[in-house]
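quick one: sequence and predicted model below, then my questions.
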Amino acid sequence: MSDTDNEKPKLGMRAPLGVKRTVETGQVKQSFSHGRSNTVIVETKRARVLRRPGEPDVQVADAAPVAAPAPAAAPAAPAPQARAPQPAPAPVRQQQSNLSPQERQAKLLREAEEQRMNTLEEGRRRQEAERAKAIEDERNRVADRARAEAEAKAPKPVEAPAPAPAPVVEAAPAPVAAPTPAPAPAPVEAPVAAAPVPAPVAAAPAPAPKPAPVVAAPAPAPKPAPAPVAPPAPPPIIELTRDPAFPAPRRFSPVARPERPPPPPKPVAAPAAAAPTTAANAGTTAPRPGATGVNAPAGGIRRDAVPARPQQRDRKGDDRRTSGKLTVNRALGDGDGARARSLAALKRAREKERRGTGGPREAQAKQIRDVVVPEAITVQELANRMAEKGADLVKALFKMGMPVTMTQTIDQDTAELLVTEFGHNLTRVSDVDQDLANDTIDDAEETLKPRAPVVTIMGHVDHGKTSLLDALRGTDVVRGEAGGITQHIGAYQVTLKDKSKITFLDTPGHEAFTQMRARGADVTDIVILVVAADDGLMPQTVEAIAHTKAAGVPMIVAINKIDKEGANAQKVRERLLSEEIVVEDMGGDVQDVEVSATKKIGLDALIEKIQLQAELLELRANPDRAAEGTVIEAKLDKGRGPVATILVNRGTLRVGDIFVVGGESGKVRALVDDKGKQIKEAGPARPVEVLGLSGVPQAGDPFQVVENEARAREVAEYRRSVKTDKRTASVPASLESMFSALKEKQAIEYPLVVKADTQGTVEAIVGAINKISTDLIKARVLSSGVGGITESDVTLAAASGAPIIGFNVRPNAKAREIAERQKVAFKYYDVIYDLIDEIRAGMAGELGPEAFETVVGRADIREVFSAGKHGKAAGLLVTEGNIRKALKARITRNDVIIYQGEIASLRRFKDDVAEVRAGLECGVTFTSNFVDIKAGDVLETFEVEMRERTL
Ligand SMILES: Nc1nc2c(ncn2[C@@H]2O[C@H](COP(=O)(O)OP(=O)(O)OP(=O)(O)O)[C@@H](O)[C@H]2O)c(=O)[nH]1
């Protein structure tokens with residue numbers, strides 16, 4: 001917009017239709033800061049007054065045509081309000097009528113500005129006063145509220161013009177425009193009506209019937225937004241309604257709206273207040289001559305909206321409201337709004353705050369926990385116990401310089417660092433705390449009752465252990481054994497003629513069962529060392545003696561096979577001396593007895609000695625307590641599931657008892673004695689098969705009855721985790737371990753999958769296989785277990801190209817099918833000797849034949865000649881053996897090999913010869929053109945023989 005544009009009387013060109021000109025225009029130059037100025041075209045329009053039908057008004061005829069060009073504001077012309085102020089403007093009009101239009105406009109503007117300033121000043125003073133009062137209100141809010149309201153009411157006459165704009169419109173233009181005030185309200189009404197509260201405008205259609213056709217047309221102007229109104233109001237008129245007498249600050253009108261007072265008592269005061277403000281706003285914010293009449297009010301709307309902003313902010317920000325800061329709203333006595341909010345909204349706000357801040361924060365509040373830390377724990381488990389994120393722990397450990405993963409096990413000290421770091425309390429526990437307390441306290445004397453002795457028979461292979469036991473039991477076990485040797489521990493209880501009982505444990509004699517034998521010694525009271533009279537002491541006999549001594553168990557020497565020819569019992573006794581076993585006959589304290597298992601000689605004497613020894617031991621146990629025992633043997637029975645042979649040490653084991661055995665738990669489903677009979681209970685020293693286990697335990701595992709299943713599961717779980725931790729615990733790296741690892745890497749791996757019928761056999765086989773390993777080849781048992789060969793065994797073996805060793809077990813149909821498909825080899829055995837021999841042969845075959853070197857002859861190199869295309873020839877003196885053509889040869893200088901190859905040619909006095917013996921001279925050339933030959937070097941010829949390797 002330019003000044004030149006302003007000079008063009010565009011508004012005048014688009015004068016509204018009418019019989020006579022109702023709008024007068026003029027220019028007002030406005031000055032702003034920074035030297036800016038603006039020229040505004042000001043039009044003065046006569047206000048239209050709607051009158052009731054029948055009311056005498058000579059100006060009606062004029063009003064109709066004037067109202068037409070400003071239809072936008074028409075809806076805001078409520079008839080009742082318009083009529084009320086009508087009488088007032090008359091004298092004002094008369095006073096101003098003497099001035100020229102320009103003078104009047106200038107004067108009006110000046111006065112309006114003055115009035116506005118006065119009003120602002122007045123407002124400021126009022127605000128200050130209100131602020132002071134507000135402070136008092138804080139102290140005694142309830143009491144002062146009434147007074148505050150009274151004071152707030154005081155400025156209402158100023159606010160009044162806002163809610164009642166219509167009279168203003170009518171009053172102001174009247175003197176300027178024409179004696180007919182009726183048509184004017186439309187444009188002037190627009191800014192007021194478009195002010196923040198559109199309600200009056202929206203209500204405008206109600207009086208529409210009164211202005212009849214003229215008012216009905218602009219009905220779409222109910223919105224405060226000027227845009228939609230603009231089209232129906234084309235005349236770009238900036239209306240300036242003014243009343244120098246009451247230039248009430250228009251800006252307060254929106255604030256006062258919510259509590260619209262009753263109609264102002266003075267009809268003149270109300271319109272006068274609104275008019276100048278509107279004029280001023282219109283003049284400053286919408287100076288464009290091209291602006292429509294509705295645009296002008298838009299500026300007014302923006303200006304009017306300014307004071308409303310604090311109110312909006314107040315609604316959002318509680319702090320502002322509660323801070324006691326005086327806002328325009330409060331200054332104007334808007335105490336009601338604050339009160340209304342303080343009751344309901346404040347309550348909601350408090351509730352929201354409580355929910356929003358109190359709730360979650362309390363939930364997130366860090367809980368300090370008592371973290372129970374065992375001797376070794378995984379990072380993940382520790383995180384769980386601390387209720388922290390595992391990743392946080394890993395991060396903390398990383399910061400401590402320990403790069404670990406969640407599944408890695410850390411020791412108690414490291415765990416303590418973490419627990420402290422995270423602000424929890426540490427409770428150290430040892431394995432004993434976690435596990436079942438091994439009740440080492442002896443039972444009370446009065447509870448102890450005599451029990452049967454547990455006798456273990458030990459001895460070298462085939463010395464007749466099983467035969468002796470068989471003789472004692474009166475049953476034939478020997479025939480049932482594969483290969484004629486005992487494969488695993490058998491436990492039997494023999495009832496003697498005097499009803500007394502003896503429990504026998506038959507341990508295998510083969511060296512592979514050393515571990516099992518050691519276990520047998522641990523649970524036994526007496527050891528019977530079987531020594532064949534014809535064979536004497538053998539390695540396993542000596543080993544059995546060592547185990548017996550280690551267990552601190554008394555021994556009875558049974559010299560067996562005395563019926564055999566060549567039996568020499570005395571020799572056995574003498575030989576035992578070298579093992580520090582001095583039998584009674586030799587003046588010692590170890591009982592000995594000559595027996596024959598097959599001829600049943602000396603059996604009674606043996607039993608007598610056992611009973612005597614048992615008496616000396618005073619074997620007693622408390623049968624009236626929860627059972628404790630030891631696993632003698634365990635296996636996975638196809639029909640019955642996991643089965644463990646338990647020797648009850650003390651207490652009585654009953655069907656239905658809940659127990660923990662090693663890393664397994666369970667409830668006794670059935671008890672089977674050594675004769676295959678189901679029994680209800682088993683007292684101390686009684687071997688019994690237990691059914692109802694969760695898995696196959698290890699031979700030698702402790703068996704304990706516990707109070708409930710939960711505890712049983714907990715302990716079993718703990719024991720399993722300990723086993724896992726031990727297995728997965730990372731071995732600290734050292735130079736030695738690194739070198740040994742390198743060494744191991746060089747060795748060929750011979751993978752195997754081992755399945756056997758019992759746990760003890762599995763251990764024995766695995767132990768024996770590991771012993772076969774050498775530096776060159778290492779047997780690696782990928783998996784070992786009890787029970788038949790399953791699909792998973794085959795899959796594992798197939799993945800590694802390993803054969804499956806089945807000892808007394810066979811694959812199921814599915815496993816066979818997969819094995820056939822994946823070309824997995826099964827090797828079945830029922831004698832451990834055969835198994836080990838074959839594995840040994842297989843491992844040797846894997847290594848291939850072994851090269852053996854045999855030196856054939858040696859010679860000293862005396863001279864070196866040039867041999868043309870053959871490089872150099874050496875003149876030799878054969879010192880040892882002979883030198884032959886095509887033999888492998890090596891030349892050493894100061895015992896360091898400098899050449900290795902073959903003899904290409906052999907000559908003696910220019911003749912090619914096949915062989916030159918020791919003491920003779922000859923000349924040789926070598927297969928490769930070796931030239932670095934010097935007199936003084938030594939030649940060595942040798943043959944290489946490939947032999948089958950043995951391990
Ligand atoms: N003549 C004679 N032969 C016996 C006697 N006791 C055992 N035998 C024989 O010795 C062989 C081995 O007997 P076993 O009872 O199997 O020997 P073992 O010590 O139990 O053998 P393993 O179970 O392999 O440890 C059998 O052929 C028996 O018949 C005996 O008192 N006299």
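Sure thing, it's come through. Residues are numbered from 1 along each chain as shown.

got the phi/psi numbers for the residue nearest to V553 when sequence neighbours are not counted?
Closest residue to V553 apart from its sequence neighbours, by CB to CB, 6 or more residues apart in numbering: V527 at 5.2 Å. For every residue, glycine as well, the C-beta is placed using N, CA and C. Dihedral angles of V527 (phi, psi; degrees, to the nearest 10) stand at phi -110, psi 130.

ok, now which ones touch V527?
Contacts for V527 (CB atoms under 8 Å, 6 or more residues apart in numbering) come out as 455-458, 521, 544, 547-548, 551, 553-556.

now the residue in the stretch 101-250 of the chain that the ligand sits nearest to: how far from R145?
Taking CB to the nearest ligand atom, the ligand has its nearest neighbour within the stretch 101-250 of the chain at E138, 103.9 Å off. The gap separating E138 from R145 is 11 Å, by CB to CB, to the nearest Å.

give me the more crowded residue out of those two.
Using other CB atoms under 10 Å as the criterion, E138 and R145 rank with R145 on top: 17 against 10.

so the more buried one makes contact with D137?
Yes: counting by CB atoms under 8 Å, R145 does reach D137; the two are 6.8 Å apart.

still on that earlier bit, buried ones among the contacts of V527?
The neighbour count (16 or more other CB atoms under 10 Å) marks 455-458, 521, 544, 547-548, 551, 553-556 as buried among the contacts of V527.

low-scoring stretches of the stretch 401-550 of the chain, by residue?
The model of the stretch 401-550 of the chain has pLDDT under 70 over residues 430-441, 474-489, 507-522.

the stretch 551-700 of the chain now?
By pLDDT under 70, the stretch 551-700 of the chain has no low-scoring segment.

quick check: residues of it near the ligand?
Contact residues, the stretch 551-700 of the chain versus the ligand (CB under 6 Å from any ligand atom): 560-561, 563-564, 596-598.

which two of these have the greatest separation?
Farthest pair in those (CB to CB) is K564 and A597. Separation: 10.7 Å.

scan the protein for its longest helix.
For the chain, the helix with the greatest residue count under DSSP state H is helix 101-139.

helices or strands next to it in the packing?
When contacts are defined as 3 or more CB pairs under 8 Å, 6 or more residues apart in numbering; DSSP states H and E, helix 101-139 packs onto strand 23-31, strand 37-45, helix 141-153, helix 269-285, helix 328-331.

quick check: buried residues in it?
Applying 16+ other CB under 10 Å to helix 101-139 flags 104-106, 108-109, 111-112, 115-116, 119, 123, 126-127, 130, 133-134, 137 as buried.

the buried ones among the contacts of V527 in helices, which ones?
If you go by DSSP H, the buried ones among the contacts of V527 have 521, 544, 547-548, 551 in helices.

so which of those is the closest to V786?
Of all these, V786 sits closest to A521, with 22.9 Å by CB to CB.

for the ligand, give me its nearest residue in the stretch 301-450 of the chain.
For the stretch 301-450 of the chain, CB to the nearest ligand atom, closest residue to the ligand: P450, 29.7 Å.

give me the neighbour count for the closest residue to that residue other than its chain neighbours.
The spatially closest residue to P450, leaving aside those adjacent along the chain, is R620, at 5.5 Å (CB to CB, 6+ apart). Neighbour count for R620, taken as other CB under 10 Å: 16.

got it, and F909?
8.

just G760 next, same as before
Neighbour count for G760, taken as other CB under 10 Å: 31.

repeat for R141
Using other CB under 10 Å, R141 has 15 neighbouring residues.

ok, back up a step: okay if I get the ones in helices among the buried ones among the contacts of V527 as TSV plus distance to T761?
Listed next are those as TSV, based on distance: CB to CB, whole Å:
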residue	distance to T761
A521	19
A544	19
H547	19
T548	23
A551	22
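
farthest pair within the residues you listed?
Once CB to CB is applied, these give A544 and A551 as the farthest pair, at 10.6 Å.

just give me the closest of the ones in helices among the buried ones among the contacts of V527 to the ligand.
Distances from the ligand to those, taken as CB to the nearest ligand atom, are shortest for A544 (10.8 Å).

so what's P702 bridging to?
T630 (DSSP bridges).

pull out the buried positions in stretch 809-817.
By neighbour count on 16+ other CB under 10 Å, the buried set for stretch 809-817 is 809, 811-812, 815-816.

and stretch 632-641, C-alpha only, in PDB?
Extracted in PDB, the C-alpha atoms of stretch 632-641 (Å, rounded to 0.1, in the frame of the first residue of the first chain):
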ATOM      1  CA  ILE A 632      25.700 -97.400  44.000                       C
ATOM      2  CA  GLU A 633      24.600 -97.600  40.400                       C
ATOM      3  CA  ALA A 634      22.200 -95.800  38.100                       C
ATOM      4  CA  LYS A 635      20.800 -96.600  34.700                       C
ATOM      5  CA  LEU A 636      18.000 -95.600  32.400                       C
ATOM      6  CA  ASP A 637      15.700 -98.500  32.200                       C
ATOM      7  CA  LYS A 638      13.600 -98.700  29.100                       C
ATOM      8  CA  GLY A 639      10.400 -99.600  30.900                       C
ATOM      9  CA  ARG A 640      10.900 -98.000  34.200                       C
ATOM     10  CA  GLY A 641      12.800 -94.800  33.400                       C
END
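
ok, residues contacting that stretch?
Contacts to stretch 632-641, defined as CB under 8 Å, 6+ apart, come from residues 488-491, 505, 519-520, 523, 642-647, 687, 691, 693, 696-699, 701, 757-760, 785-788.

gap between E608 and the ligand?
Between E608 and the ligand the distance is 18 Å, computed by CB to the nearest ligand atom, to the nearest Å.

shouldn't that residue be within a helix?
Yes: counting by DSSP: H, G, I helix; E, B strand; the rest coil, E608 is part of a helix.

for D498, see how far away it is.
11 Å.

ok, now G848?
Applying CB to CB, the value for G848 to D498 is 65 Å.

between the two, point out the one with more neighbours.
Applying other CB under 10 Å to G848 and D498 shows that G848 carries more neighbours, namely 11 against 8.

so how far is the ligand from that one?
Separation of G848 from the ligand (CB to the nearest ligand atom) stands at 35 Å.

quick one: pLDDT of that residue?
For G848, the model assigns a pLDDT of 79.

so what's it up against?
R949.

phi, psi for it please.
Main-chain torsions, G848, degrees, to the nearest 10: phi 90, psi 180.

that older thread, intersect the buried residues of stretch 809-817 with the contacts of the ligand.
Among these, not one lies near the ligand by CB under 6 Å from any ligand atom.

just the ones in helices from the residues you listed, please.
815-816.

a markdown table for the buried residues of stretch 809-817, including pLDDT and distance to K675?
Shown next, in a markdown table, are those (pLDDT from 0 to 100; distance: CB to CB, whole Å):
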| residue | pLDDT | distance to K675 |
| --- | --- | --- |
| V809 | 90 | 25 |
| P811 | 91 | 32 |
| N812 | 89 | 30 |
| A815 | 89 | 34 |
| R816 | 89 | 35 |
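
can you redo the buried residues of stretch 809-817 as TSV with distance to G423?
What follows is the buried residues of stretch 809-817, written out as TSV (distance: CB to CB, whole Å):
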residue	distance to G423
V809	55
P811	56
N812	55
A815	54
R816	59
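
let me see the contact set for I528.
By CB under 8 Å, 6+ apart, I528 lies in contact with 455-458, 468, 555-558, 606, 610.
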